[in-house]
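**Q** Structure, please.
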Amino acid sequence: MSRNLLIKLSIFLLLLGIGLHNPVQAAGSSKEDIKKAEVSVDQAIDFASKGNLTEAEKSYEQFNKTWRLIEEGIKADSTTAYRDIESNMGKVVYAFTIKKQDQVMTALRDLKAVNEKMASGGYPKESGFKKEDISLDDFIVLLQETKKEISEQNQREALKGIKRASDSWLSVEGVVVAQSASVYSDSERDLVTIQAMLSSNPPNYIEAKRTIDKMVNYLTPLAEKSQYTYWDAAMILIREGLEALLVVIALMSFVKKSGAGKGRAWILSGVISGLGVSVILALIVKFVISSGAFGNNNALIGGWTGVFAAVMLLYMSYWLHSQSNIADWNRYIREKSQTALTTGKLISLGVLAFLAVFREGTETVLFYVGMASQIKIQSLLIGFLIGAALLGILAYLMIFVGLKLPLRPFFMVSSIIVFYLCIKFTGMGIHSLQLAGLIQTTNSESIPSIEFFALYPSWESTIPQVILVIGAAIILLTKNIKNQKLITEKSN
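**A** Modelled structure (predicted):
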C-alpha cells in the first residue's frame, strides 16, 4: 500500500458525488403535456372568477396531479421553465391557503402565463440539470404543499413532497445553521421522522402533519433574516470544524508520543486531501448540479463517510486504550523500534484524518456557499479568519496539554475522546443514510434527542450506539477483572 490510497479514496468520493446524480428522463412531448395539463388551470381560473374558490382549488389539484406525472419531462427539456412553473405553483398554493380571491386569480393567471410560454416554445432548450437553489421561504412552501397532501391522506404524493423537501434541504441548511444550531439539528431530525411516519403501514398522518407544523413554526422566523454578520460566519467554522479538529489533534498527539515522524506527514496529507476534495465538491454543487439536485447524494456521501470513520475510530479507541498500560506500550515500542508504527497503521491514520475532514469540510463549505448571497464578502472572509484563528488556538492548547500529560492519562483521555467521536459519527452516519432513504426509520418517543451524542429518536441509529457503549463497558470490565486476578496472583 502507498499514499496513492488517499488519492484514490478522494477521487472515489468525488466521483460518487457526481455519479449518483442521474435525473429521470420523461418520455413524450413536454409542450403537448403542459398544454393538456393547462386545461385544469383554465377551469380553476373560471371557478375563481365566480368566487367559487373550493371548486377552483379542486381544479388546480387536478393540474398538480398531472404535473407530478410530467415534471421530469419538463425538467429535461428546460430547467428554467421547470423552475418558473414550480415557483408559480407555490404561489397558487399559498393564495388558496389565505383564501383571498384576488390573490388566487393573480397566482393562477401567472401560472397560466408560464405554462403558455413553455407550450409555445418560449423557453430555450437546455441540456443538463442546473436548477437554481431555493430559498428558505420556498422550502417552507414545499413543507406546506406536503402538509396539504397529508391532510388529504394522499400517501404517495405526501412522500414525494417530503422527498423533494429533503433533497432541497442542502440549499437552505447554511442559512439555518448560521442562525441556530438547534433548529438545524431539529430540522434534519424531523425530516427523517416525517418520512418514517408517512412510510409506515398505516401512515401516521396526524403526527406527520403536526411535525410539519412544528417545522414551519421554527423555520419561519429564520426566513425573515436577510443579512448575516462575520460572527455568524465564524461560528459555522468553529461548530463544524471542532469535531474534525478533535480527531486530527488526537492523531497528531498520538504520533508525537510514539515518535513516529512519518505519521504526521500522513495525517497532514489526509487533512489537505479532505479539504481539497471538500472545496472541489462544493464548487461542483454550486456551479454544475445545484444544491437541490445534490441533496440526496450529499446525505449518502455524508452517511457512508460517517460510518467508515466510526469503524476506524472504534479501532483507534480500542488500540489507544490497550496501550494505556505503560509496560505494554514500552514493549510495543521495543518491537517497533525502527518505525514506531507499522506502515499499515500510518496509512490508516491518514485515511481517518481524510474521512473526518472531508465529512465536516464538505458540510462547512456548503454552508458558506448557502449563506454567501446574504452576507457581505468582507464579513464572510473576516468571519472565516476569526473562526480559523480560534480553532488554531484551540488546537495548540490541546496539543500542548496532551503532550504534557503522563503516558497513561494521555492514552486514557485520547481513547475516551476518540470513542465519543465514534459514537457521534455512528449516529450522524446512520441518520444521514436515513435522510437519503437508504435505511428505514422506526421512530420511538421513548428515545430522547441529544445533539451532543448525535442521538436521534429512531431505533436504527440508537441501537448501534447502545451496542458500542455496552461493548466498551464489557471490555473495560473484563480487562479490570483480569488485572485484579494478576494482582492477586502476584500478591500470593
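**Q** on contacts alone, who are the packing partners of whatever helix or strand residue 118 lives in?
**A** Here residue 118 sits within helix 101-119, counting by DSSP states H and E. Applying 3 or more CB pairs under 8 Å, 6 or more residues apart in numbering; DSSP states H and E, one finds that helix 101-119 makes contact with helix 30-49, helix 53-77, helix 79-98. C-betas here are computed from N, CA, C, even on glycine.
**Q** Give me the contacts around it.
**A** 30-31, 34-35, 37-38, 41-42, 44-45, 48-49, 51, 53, 56, 60, 74, 78, 81, 84-85, 88-89, 91-92, 94-96, 122-123 (CB atoms under 8 Å, 6 or more residues apart in numbering).
**Q** Now with 6 Å, please.
**A** Helix 101-119 is contacted from outside by 31, 34-35, 38, 41, 44-45, 48, 81, 84-85, 88, 91-92, 95, using CB atoms under 6 Å, 6 or more residues apart in numbering.
**Q** For ChimeraX, write the select line for the buried members of those.
**A** The command below creates a ChimeraX selection of those among these that count as buried (16 or more other CB atoms under 10 Å):
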select :31,34,38,41,44,45,48,81,84,85,88,91,92,95
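**Q** from the contacts of helix 101-119, which is closest to residue 420?
**A** residue 91 (47.1 Å; CB to CB).
**Q** what about residue 476, distance to residue 153?
**A** 51 Å (CB to CB, to the nearest Å).
**Q** Please disregard the earlier target; I meant residue 91.
**A** 25 Å.
**Q** Next: residue 441.
**A** Following CB to CB, the distance that separates residue 441 from residue 153 is 20 Å.
**Q** In terms of neighbours, single out the busier of these two.
**A** Taking other CB atoms under 10 Å, residue 441 and residue 153 do not tie; residue 441 has more neighbours (24 against 11).
**Q** Pull the contacting residues for residue 57.
**A** Counting by CB under 6 Å, 6+ apart, the residues that residue 57 touches are residue 96.
**Q** Quickly note the distance from it to residue 108.
**A** Applying CB to CB to residue 57 and residue 108 gives a distance of 10 Å.
**Q** low pLDDT regions in the stretch 251-400 of the chain?
**A** Within the stretch 251-400 of the chain, the stretches with pLDDT under 70 are 257-262, 282, 285-302, 316, 318-345, 366, 369-374.
**Q** can you give me the helices in it?
**A** Counting by DSSP state H, counting those that start in this stretch, the stretch 251-400 of the chain has helices at residues 261-284, 291-322, 326-335, 343-371, 377-404.
**Q** The helices and strands packed on helix 101-119: lowest mean pLDDT?
**A** Note on the helices and strands packed on helix 101-119: helix 79-98 shows the lowest mean pLDDT, a mean of 76.
**Q** Measure how that one sits relative to helix 30-49, angle-wise.
**A** If you take axes from the mean of the first three to the mean of the last three CA atoms, to 10 degrees, helix 79-98 sits at 20 degrees to helix 30-49.
**Q** Any stretches of the stretch 51-200 of the chain with poor pLDDT?
**A** In the stretch 51-200 of the chain, residues with pLDDT under 70: 94, 126-133.
**Q** would residue 448 count as being in a strand?
**A** No: looking at residue 448 with DSSP: H, G, I helix; E, B strand; the rest coil, it is coil, so not inside a strand.
**Q** Centre of the chain to whichever helix or strand comes after the helix holding residue 118, how far?
**A** Later in the chain than helix 101-119, the nearest helix or strand by DSSP H and E is helix 136-151. In this view, helix 136-151 has its centroid 20 Å away from the chain centroid, taken as CA atoms, centre = their mean, to the nearest Å.
**Q** Buried ones in helix 136-151, by neighbour count?
**A** Quick answer for helix 136-151 (16+ other CB under 10 Å): 136, 138-150.
**Q** Which other helices and strands does it contact?
**A** helix 155-179, helix 205-223 (3 or more CB pairs under 6 Å, 6 or more residues apart in numbering; DSSP states H and E).
**Q** hang on, the earlier thing: could you export the helices and strands packed on helix 101-119 as a markdown table, including distance to residue 239?
**A** Shown next, in a markdown table, are these (distance: least, CB to CB, whole Å):
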| stretch | distance to residue 239 |
| --- | --- |
| helix 30-49 | 43 |
| helix 53-77 | 35 |
| helix 79-98 | 31 |
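**Q** Only C-alpha atoms, please: export stretch 473-480 in PDB.
**A** What follows is stretch 473-480, C-alpha atoms only, in PDB (Å, rounded to 0.1, in the frame of the first residue of the first chain):
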ATOM      1  CA  ALA A 473     -18.300  -1.500  29.200                       C
ATOM      2  CA  ILE A 474     -17.800  -5.300  28.800                       C
ATOM      3  CA  ILE A 475     -14.200  -4.800  27.500                       C
ATOM      4  CA  LEU A 476     -13.400  -2.500  30.400                       C
ATOM      5  CA  LEU A 477     -15.000  -4.800  32.900                       C
ATOM      6  CA  THR A 478     -13.200  -7.900  31.500                       C
ATOM      7  CA  LYS A 479      -9.900  -6.100  31.500                       C
ATOM      8  CA  ASN A 480     -10.400  -4.900  35.000                       C
END
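**Q** Domain map for the chain?
**A** 29-223, 230-438 (automatic domain parsing).
**Q** between these, which one is nearest to residue 471?
**A** Going by CB to CB, the one of the domains of the chain nearest residue 471 is domain 230-438, 8.9 Å.
**Q** I'd like the average pLDDT over stretch 212-228.
**A** 80.
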